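Student: next one to model:
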Amino acid sequence: MTWRAAALLAAGALTLPAWPAPFVGVAVMTGAVLLLLAMDLALAAPLPALAVERAGERAVRLGGTATVTLHLRNTSGRTLRAQVRDAWVPSAGARPDVPPARVVDVAPGEVVALPSRLTPTRRGDRPAVALTVRSLGPLGLAFRQRAGRPATPPWTLRVLPRFDSRRHLPEKLSRLRVVDGSQVGRGRGAGTEFDTLREYVPGDDVRSIDWRASARRAEVMVRTWRPERDRRLVCVLDTGRTSAVRVGDEPRLDTSIDAALLLTALAARAGDRVDVLAVDSAPRASVTGAERPAQWPRLAHALAPLQPALVETDFRLIAGELLRRHRPRSLVVFLTALEPGALGEGLLPVLPRLTARHRVLVAAAQDPVLTTLTTEPPGRPEDAYTAAAAWRTLAERDRLTAALARHNVLVVDT
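Tutor: Alright, predicted model coming up:
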């Protein structure tokens, strides 16, 4: 029963004093209202005759807006007057163009489109959870509504990482071109891979003279070099408990994903081979061949559903996976937290096995709160204890950095 039927009953109750016999008035009024309700309910369009489909975008970058349209097809012989509520998870940020309180009219055999604009607030998969259709009668006194009818058409919107660091990409690519020698710039090196032989000209480095080739040709020949190509890069994302700590206004894992995307984009432009591995107590995602342009969207889709796991990261498992999958020498970049408990007990024991075959780099995002606590003077006496704890944390990180350096591990803590 709708609010209209309730209003009709209230209006009839006001007329009861005018009846000679109040009980007769109640019976007549109730019978009339029930008859109207029954007629209105019988004329409402049946829900099983309603076909529902979805169409629209399947993926959107965090911070963007996607449109997903709900199509209602009325296959019955009656006009459908309905209120529709299309519910998504709250973090999907759904805003329907047609409010749920508004009545939608669909003639027999016609299709109506109800678009919803989604502006997600979190990365990952955001599904549609429930569809509620209330079929109203012509008088608006009664309605048909049944749980599970019509069935909610499945739809999941994948929210890709924001990738804020792409603003740094033009500047990094410019530096990459300087390194490659395609652009003249200060700091251009001699390269690391042999390219060609050419005749000596005044100003060439005498250390580049190829004496054997010079003896064969009876003229001085020098070697030219080019930057090394087809290098191997393995990016390891730590998705364990330390990745759940918030750095600024987002989890540390989101910062690591952003850095991995930028590093992969640069390595792909440099012609290197890139693999990405996300692990905590078990492998969560693995992408091989991310250096190919067609594979980069696959990398973003693979990293989008990752969420921090409140477990200790198994660095022995990571070392085993790296040694098993990547036999040629590679640059292994750990995107993790520079925490003495996690790395000191987990990573340090397996470093000798890794550094014997690979070049290892540990990259950590430093919490800006620590910098604030150690640079600003304490305003209250109790703030001195907080500042002392921050200084102790930084000292432990320095000791861990020194321990990693003794194993020939580069550390980037910024």
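
Student: contacts and neighbour counts: CA atoms only from here.
Tutor: Will do.

Student: partners of Val234 in the sheet?
Tutor: Asp275, Val332 (DSSP bridges).

Student: what's near enough to touch Leu310?
Tutor: 240-241, 244 (C-alpha atoms under 8 Å, 6 or more residues apart in numbering).

Student: between those, which has the most around it?
Tutor: Most neighbours among those, by other C-alpha atoms under 10 Å: Gly240, with 24 neighbours.

Student: contacts made by the longest strand along the chain with the rest, please.
Tutor: For the chain, the longest strand by residue count, based on DSSP state E, is strand 124-136. Contacts to strand 124-136, defined as C-alpha under 8 Å, 6+ apart, come from residues 41, 44-47, 80-89, 91-92, 120, 142-145, 147, 149-152, 154-160, 304-306.

Student: make JSON lines out of the contacts of Leu310 and add distance to Phe315, secondary structure and pLDDT.
Tutor: Output for the contacts of Leu310, formatted as JSON lines (distance: C-alpha to C-alpha, whole Å; DSSP: H, G, I helix; E, B strand; the rest coil; pLDDT from 0 to 100):
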{"residue": "Gly240", "distance to Phe315": "10", "secondary structure": "coil", "pLDDT": "92"}
{"residue": "Arg241", "distance to Phe315": "13", "secondary structure": "helix", "pLDDT": "91"}
{"residue": "Ala244", "distance to Phe315": "17", "secondary structure": "helix", "pLDDT": "90"}
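
Student: out of the residues you listed, which one sits closest to Arg329?
Tutor: Nearest to Arg329 among the contacts of Leu310 is Gly240, at 26.1 Å by C-alpha to C-alpha.

Student: adjacent strands (with direction) for the next helix-or-strand element following the longest strand of the chain?
Tutor: Once the chain leaves strand 124-136, the next helix or strand it forms, by DSSP states H and E, is strand 143-144. Paired neighbours of strand 143-144 in the sheet (DSSP bridges): strand 124-136 (antiparallel).

Student: and the average pLDDT for the strand it pairs with is what?
Tutor: Averaged across strand 124-136, pLDDT comes to 90.

Student: what is the neighbour count of Asp97?
Tutor: Asp97 has 11 nearby residues by other C-alpha under 10 Å.

Student: in contact with it, which residues?
Tutor: Asp97 makes contact with 114-117, according to C-alpha under 8 Å, 6+ apart.

Student: what's the answer for Thr374, then?
Tutor: So Thr374 contacts 387, 390-391 (C-alpha under 8 Å, 6+ apart).

Student: which one of these is nearest Val222?
Tutor: The nearest one, if we look at these relative to Val222 and count by C-alpha to C-alpha, is Trp391, at 54.3 Å.

Student: that closest one: what secondary structure?
Tutor: What DSSP: H, G, I helix; E, B strand; the rest coil gives for Trp391 is helix.

Student: can you tell me the element the nearest residue to it once chain neighbours are set aside falls in?
Tutor: For Trp391, ignoring the flanking residues on the chain, the nearest one in space by C-alpha to C-alpha, 6 or more residues apart in numbering is Thr374 at 6.4 Å. In the assignment (DSSP H and E), Thr374 maps to helix 368-375.

Student: mean confidence for that helix?
Tutor: Per-residue scores along helix 368-375 average to 81.

Student: ok, for Arg102, nearest residue in space, not its chain neighbours?
Tutor: Per C-alpha to C-alpha, 6+ apart, closest to Arg102 is Gln83, 6.2 Å.

Student: for the one you found, which residues are in contact?
Tutor: Gln83 makes contact with 100-104, 133-136 under the criterion C-alpha under 8 Å, 6+ apart.

Student: can I assume it sits in a strand?
Tutor: Yes. Secondary structure of Gln83 (three-state DSSP): part of a strand.

Student: what about Leu299, neighbour count?
Tutor: For Leu299, the number of neighbouring residues by other C-alpha under 10 Å comes to 23.

Student: so where is the stretch 201-350 of the chain shaky, pLDDT-wise?
Tutor: The model of the stretch 201-350 of the chain has pLDDT under 70 over residues 225-230, 290-295.

Student: can you give me the strands for it?
Tutor: 221-226, 232-238, 246-247, 250-251, 273-279, 283-288, 331-335 (DSSP state E, counting those that start in this stretch).

Student: closest to Leu370 out of the ones you listed?
Tutor: Per C-alpha to C-alpha, nearest to Leu370 of those: strand 246-247, 10.5 Å.

Student: mind listing residues that contact that closest one?
Tutor: 252, 255, 365-368.

Student: kindly supply the PyMOL command isolating those of those residues that are buried.
Tutor: In PyMOL, a selection of the buried entries from these looks like this (16 or more other C-alpha atoms under 10 Å):
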select buried, resi 252+255+365+366+367
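
Student: and the two most separated of the contacts of strand 246-247?
Tutor: Distances among the contacts of strand 246-247 were taken as C-alpha to C-alpha; the most separated pair is Thr255 and Pro368, at 13.0 Å.
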